[in-house]
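Asker: here is my input, please return the structure:
(one chain, ligands or ions: 1)
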Amino acid sequence: MKEISFITSNKNKLLEVSQILCNSVPLINKDLDLPEYQGASVEEIATQKCITARNHVQGPVLIEDTALCFDGLNNLPGPYIKWFLGSLGLTGLNTLLHGFNNNKAHAVCTFAYSPDSNTDPVIFQGKTYGNIVQPRGDTAFGWDPIFQPDEGGGKT
Ligand SMILES: O=P(O)(O)OP(=O)(O)OP(=O)(O)OC[C@H]1O[C@@H](n2cnc3c(O)ncnc32)[C@H](O)[C@@H]1O
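Answerer: I've put the predicted structure just below:
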């Protein structure tokens, strides 16, 4: 099987994806922070990110884009969660929902894979539903401390 270049600048994302794939797919990482389109759907953002990624490596390419959607904010911050998190922090993200009376949220992980530069990227997507809570637990990875998945046994 050909090696797949997984392009990400996020060490935690690389670790998580490597653990999930568990050596079933030969993955090599290229540490690049690719530009992300705005005003587009998560699928379009992932597709464009994958097309940009193809310019940096030979052969099959994989990228992932994460969105965190707050139901009370009509799915914002969505794909802009990285910038919201950077500006507001975990507590600020939680405070954003005050007054909306709706803490429901869902995380959307969108992978885009392209086998070569002549083939349109293929999209794979997974969603996890839960609630936005006061920050608690492990602070190692992104917005993990404020997202309590419905199927997480009450943990963030
Ligand atoms: O180079 P890329 O792969 O784009 O890395 P990135 O950190 O820019 O990646 P995203 O735009 O997809 O990430 C959006 C934000 O969500 C965070 N994030 C991604 N996956 C997460 C997860 O499983 N749990 C918690 N936070 C996560 C991540 O740290 C960012 O702040």
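Asker: low-confidence ranges in the protein?
Answerer: The chain contains no residues with pLDDT under 70.
Asker: need the helices for this structure, in chain order.
Answerer: Counting by DSSP state H, the chain has helices at residues 11-21, 42-54, 81-95.
Asker: Ile63 is nearest to which of these?
Answerer: Proximity of the helices of the chain to Ile63 was assessed by Cβ to Cβ; the nearest stretch is helix 42-54, lying at 4.9 Å. For glycine as for every other residue, the C-beta is placed from the backbone atoms N, C-alpha and C.
Asker: quick one: the closest one to chain centroid distance?
Answerer: A distance of 13 Å separates the C-alpha centroid of helix 42-54 from that of its chain, computed with Cα atoms, centre = their mean, to the nearest Å.
Asker: and that helix with the ligand, contact?
Answerer: No. On the criterion Cβ under 6 Å from any ligand atom, helix 42-54 is out of touch with the ligand, staying 7.0 Å away.
Asker: what about whatever residue of the chain ends up closest to the ligand, neighbour count?
Answerer: Using Cβ to the nearest ligand atom, the closest approach of the chain to the ligand is made by Gly142 at 2.2 Å. When neighbours are defined as other Cβ atoms under 10 Å, Gly142 has 18 of them.
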